[in-house]
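**Student:** I'd like to go over a predicted model; first the sequence, then the structure.
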Amino acid sequence: MDDLASAFSHAIKLVATADPAVLEIVVLSLQVTLSAVAIACLIGLPLGALVAVKAFPGRSAAIVAINALMGLPPVVVGLFVYLMLSNAGPLGVLQLLYTPTAMIVAQTILVTPIVAGLARQVIADLHAEYDEQLRSMGVTATGAIPTLLWDGRHALATVALAGFGRAVAEVGAVLIVGGNIDHVTRVMTTAIALETSRGNLSLALGLGIVLLLMSVLVNAAVMGLRATSGRIAHV
Amino acid sequence: MSDAGIQPSLMPIRLKDVAYSVDGKRLIDGLSFEMFDGTRTVIMGPNGAGKSLTLRLLQGLIAPDRGAITWGDPPRREAGRHSVALVLQRPVLLRRSVAANLKHAAAVYGLRGDRKSERVERLLHIGGLEHLRRQPARVLSGGEQQRLSLVRALAGNPRVLLLDEPTANLDPASTLAIEKLVNDAHDGGAKIVFVTHDRDQAARLADDVVFMQGGRAVETGAAGTFFAGPSSEAARAYLDGKLYVEQGG
């Protein structure tokens, strides 16, 4: 019990003093995760919106596929990206394995279906409300997408947050394609797993505290954004 | 505010033997009438007569199962992009400010830069909405929302303005404001097609009347003649406020 209290106390100290080791891991984690979420949003939001508003052959199958991919097992994604990026793989020539870029690719694959699937529902609800008005103005289904994405931006911020939550807490895929290399590809989740197995609980706890704080802060930011925009623009 | 060059006339608007069904139920059945330039046409009739569907058919939001809607002479099947605007009974406003709603409409109608800003300012002025420009559109009163909806429809300088009971559930002051905007649009050269349940409002606005019952135009003609003595039993009963059930309907 004393060991645990001591580890916790040390962990707080590491965080409070912005320990360089902790800071390096946190910064890399944020770089990887935010990059992946940004790319996933660039792909997933228009994709979700398109599936929500546009009638095309195979649309139902596309919705089922997106929904199914929302639950992709991270280790399977990690394995797939590993196979693609390994020297024997089709993209091996890029030499991306065990780099942050490989981790971004893996997280993007994990998060894009989540963003697309949740965005589709948000946009479909909004489209049902706006459809007749926009069509009466001569706006096509595809042409309505920018309007729907903008007017749904607050709900879509929550969608991006869900993607962030999934990516930042993910360990399997980034471990496989990143290799958890110190100063290169070590992020919070892989570091927590490693330091726990080593018995270095203070660093693991410190990183866990940062992870939790980050989650709370992002949630608070989104809530603040929604409240502010709600006052400014609409119901 | 005209953006257009010389365009072929959209008048007369002809509906010929138009039919429209939903799930096998015929809601519009053999609808035929004509509308002419320079008049405010009021479409009247009881619930379920097909008035709102007629506006949606005219706007092209739904397609007839049978028959034809033509514009102009010689008749054309298309009115032309942005030539016709529709104001819905319940305004659907974007989750934006009043001014941003109008900016969006102006952009949809192809205006950019200074022309867009000027149009927005003009529309805010027309609608008496200048002081509300930064207000969220969705927290306006019902009358303000409908005024915004109406001036938004004017953003593209439509040549035909379709209005689907725009004053339903509005108080007299708001109704008056909407009627003034409609009359101003008419004076500006737009053809007005106005659906209403309100006989007094119809009498105030109509130059000519289309009375619908059971998905058909039962009676059409000049407003004065219609209100002085409708020729159909259904229209007489409607104007007298009597219950009328179509035989076999």
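**Tutor:** Here it is on my side, so go on. Numbers count the residues shown, from 1 in each chain, chains lettered A, B, ... in the order given.
**Student:** Around chain A, pick out the residues from chain B.
**Tutor:** B:59, B:61, B:81-82, B:85-86, B:88, B:92, B:94-97, B:100, B:104-105, B:108-109, B:136-139, B:156 (Cβ under 8 Å from any Cβ of the partner chain). Yep, even glycine has a C-beta here, placed from its N, CA and C like the rest.
**Student:** How much space separates B:His125 from B:His82?
**Tutor:** 21 Å (Cβ to Cβ, to the nearest Å).
**Student:** Counting neighbours, go ahead and name the busier of those two.
**Tutor:** For B:His125 and B:His82, the more surrounded residue by other Cβ atoms under 10 Å in any protein chain shown is B:His82, and the numbers stand at 18 against 11.
**Student:** where's the more buried one, which helix or strand?
**Tutor:** B:His82 is part of no helix or strand when elements are defined by DSSP states H and E.
**Student:** Report whether the expected contact of it with B:Tyr109 is present.
**Tutor:** Yes: using Cβ atoms under 8 Å, B:His82 makes contact with B:Tyr109 at a distance of 5.5 Å.
**Student:** Please identify every residue contacting each of those two.
**Tutor:** Counting by Cβ atoms under 8 Å, 6 or more residues apart in numbering or on different chains, the common neighbours of B:His82 and B:Tyr109 are A:137, B:156.
**Student:** which secondary structure elements does the helix or strand bottoming out on mean pLDDT in chain B contact?
**Tutor:** Scoring the helices and strands of chain B by mean pLDDT, DSSP states H and E places helix B:233-239 at the bottom, with a mean of 90. On a contact count with 3 or more Cβ pairs under 8 Å, 6 or more residues apart in numbering or on different chains; DSSP states H and E, helix B:233-239 meets strand B:208-213, strand B:216-222.
**Student:** Just give the strands next to the last one in its sheet, each with its orientation.
**Tutor:** In the sheet containing strand B:216-222, the strands it pairs with under DSSP bridges are strand B:208-213 (antiparallel).
**Student:** any idea how far the partner strand is from the chain center?
**Tutor:** Mean-position distance between strand B:208-213 and its chain equals 14 Å (Cα atoms, centre = their mean, to the nearest Å).
**Student:** if we can go back for a sec, output the least confident helix or strand of chain B as PDB, restricted to C-alpha atoms.
**Tutor:** Extracted C-alpha coordinates of helix B:233-239, given in PDB (Å, rounded to 0.1, in the frame of the first residue of the first chain):
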ATOM      1  CA  GLU B 233     -71.700  23.900 -54.300                       C
ATOM      2  CA  ALA B 234     -68.400  23.000 -52.600                       C
ATOM      3  CA  ALA B 235     -67.100  26.500 -52.800                       C
ATOM      4  CA  ARG B 236     -70.400  28.000 -51.700                       C
ATOM      5  CA  ALA B 237     -70.400  25.800 -48.600                       C
ATOM      6  CA  TYR B 238     -66.800  26.600 -47.900                       C
ATOM      7  CA  LEU B 239     -67.300  30.300 -48.100                       C
END
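**Student:** got a list of contacts for the longest helix seen in chain B?
**Tutor:** Using DSSP state H, we find that the single longest helix of chain B is helix B:172-187. For helix B:172-187, the surrounding residues in contact (Cβ under 8 Å, 6+ apart) are B:40, B:126-128, B:141-144, B:146-147, B:150-151, B:154, B:161, B:163, B:166-167, B:170, B:192, B:194, B:201, B:204-205.
**Student:** Try it again at 7 Å.
**Tutor:** B:40, B:126-127, B:142-143, B:146-147, B:150, B:154, B:161, B:163, B:166-167, B:170, B:192, B:194, B:204-205 (Cβ atoms under 7 Å, 6 or more residues apart in numbering or on different chains).
**Student:** Show me which of the residues you listed are buried.
**Tutor:** Taking 16 or more other Cβ atoms under 10 Å in any protein chain shown as the criterion, what is buried in the contacts of helix B:172-187 is B:40, B:126-127, B:143, B:146-147, B:150, B:154, B:161, B:163, B:166-167, B:170, B:192, B:194, B:204-205.
**Student:** How about the lengthiest helix in chain A and chain B, touching?
**Tutor:** Assignment by DSSP H gives helix A:100-136 as the longest helix of chain A. Yes: Helix A:100-136 lies within reach of chain B by Cβ under 7 Å from any Cβ of the partner chain, at A:129-130, A:132-133, A:135-136.
**Student:** which one is A:Leu85 nearest to, not counting chain neighbours?
**Tutor:** A:Leu97 (4.4 Å; Cβ to Cβ, 6 or more residues apart in numbering or on different chains).
**Student:** Which residue ranges of the chain form strands?
**Tutor:** No chain specified, so I'll use chain A. Counting by DSSP state E, chain A has no strands at all.
**Student:** try chain B instead
**Tutor:** Under DSSP E, chain B gives strands at B:13-22, B:25-35, B:40-44, B:66-71, B:84-87, B:160-164, B:191-195, B:208-213, B:216-222.
**Student:** Any chance of those strands in TSV with mean pLDDT as columns?
**Tutor:** Below are those laid out as TSV (pLDDT from 0 to 100):
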stretch	mean pLDDT
strand B:13-22	96
strand B:25-35	95
strand B:40-44	97
strand B:66-71	96
strand B:84-87	96
strand B:160-164	97
strand B:191-195	97
strand B:208-213	96
strand B:216-222	94
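**Student:** any chance of those strands in TSV, with distance to B:Val182 too?
**Tutor:** Listed next are these as TSV, based on distance: least, Cβ to Cβ, whole Å:
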stretch	distance to B:Val182
strand B:13-22	17
strand B:25-35	15
strand B:40-44	7
strand B:66-71	21
strand B:84-87	9
strand B:160-164	7
strand B:191-195	6
strand B:208-213	15
strand B:216-222	19
